[in-house]
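Fold the following, please.
(2 chains)
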Amino acid sequence: QVQLVESGGGVVQPGTSLRLSCAASGFTFRNYGMHWVRQAPGKGLEWVAMIWYDGSFKYYADSVKGRFTISRDNSKNRLYLQMNSLRAEDAAVYFCARALFPIVYYGMDLWGQGTTVTVSS
Amino acid sequence: QSALTQPPSASGSPGQSVTISCTETKNDIANYNYVSWYQHHPGKAPKLIIYEVFKRPSGVPDRFSASKSGNTASLTVSGLQAEDEAHYYCSSYVGSNTWVFGGGTKLTVL
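Numbers count the residues shown, from 1 in each chain, chains lettered A, B, ... in the order given. Model prediction:
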């Protein structure tokens, strides 16, 4: 079954860290670029980060640059998002999404159901 | 940074057609064919319904169509059905290794 399943969300205090994970199955993970996208409560979708199929290039939204790190382990079919120095405005449902192949710029064709991050003191 | 503007809401009766616009202040939509559209039912995974401005992934009904003119992209849902009620988001790669989403449009089937 082709799917993405996120995990690792939870309730954390401002200034702390959290690592999200996305498990891919049913397709050749190492061939695809991957994104993280988030949705704050009551808000729309916001692109967070993107990593190339081999991890060679990583891109970030200005809102998370310097605090978040996207990475992947193709041997484990896993995508990660390390989130440091968390702020209240980082609270959201975080989705992992697969970039279209072979042209990553065209869109995101497979999404997980998301994992929720709450940042509260 | 580029921003994509969508109307917050749209509505139509079953069987009717509705068009949702996505307007961008710079020329990133005009210059690139990277516009995509997503359907999102709350609590579920977003679903790609249009990519590369007007192409439909396999399995997406042809009731969903899209186009682009200048700096405005549009999604049309024809023959509205109850299950089309959802949030719809446009998105585009806008250069400088950045992707953006529109604010989303809530489509209500009356």
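
which residue sits closest to the residue of chain A found nearest chain B, ignoring its sequence neighbours?
Across chain A, no residue is closer to chain B than A:Gly107, which sits at 3.2 Å (C-beta to the nearest C-beta). Placement of C-beta: from N, CA and C, glycine included. Closest residue to A:Gly107 apart from its sequence neighbours, by C-beta to C-beta, 6 or more residues apart in numbering or on different chains: B:Ser36 at 3.2 Å.

ok, now which ones touch the one you found?
A:Tyr106, A:Gly107, A:Met108, B:Leu48, B:Ile50, B:Tyr51, B:Glu52, B:Cys90, B:Ser91, B:Ser92 (C-beta atoms under 8 Å, 6 or more residues apart in numbering or on different chains).

May I have the residues that are in contact with the fourth one?
Residues near B:Leu48 by C-beta under 8 Å, 6+ apart: A:Gly107, A:Met108, A:Asp109, A:Leu110, A:Trp111, B:Ser36, B:Trp37, B:Tyr38, B:Pro57, B:Val60.

Please report phi then psi for the second one.
Summarising the backbone geometry of A:Met108 under the convention degrees, to the nearest 10, its torsions are phi -130, psi 110.

these two touch, right, it and A:Cys96?
No: contact criterion C-beta atoms under 8 Å: A:Met108 and A:Cys96 do not qualify, at 9.4 Å.

Just flag the most distant two among the contacts of B:Leu48.
Put simply, by C-beta to C-beta the two of the contacts of B:Leu48 set farthest apart are A:Leu110 and B:Trp37, 15.3 Å from each other.

Give me the most central residue, chain A.
A:Trp36 (2.8 Å; C-alpha atoms, centre = their mean).

which residues does the residue of chain B found nearest chain A bridge with?
The minimum distance from chain B to chain A, using C-beta to the nearest C-beta, falls at B:Ser36 (3.2 Å). In this entry, B:Ser36 is beta-bridged to B:Ser91, by DSSP bridges.

Report the secondary structure state of the residue nearest to the centre of chain A.
Recorded secondary structure, A:Trp36: strand (DSSP: H, G, I helix; E, B strand; the rest coil).

What helices and strands are in contact with the lowest-mean-pLDDT helix or strand in chain B?
Ranking every helix and strand in chain B by mean pLDDT, DSSP states H and E puts helix B:28-31 at the bottom, with a mean of 75. Here helix B:28-31 touches strand B:86-93, going by 3 or more C-beta pairs under 8 Å, 6 or more residues apart in numbering or on different chains; DSSP states H and E.
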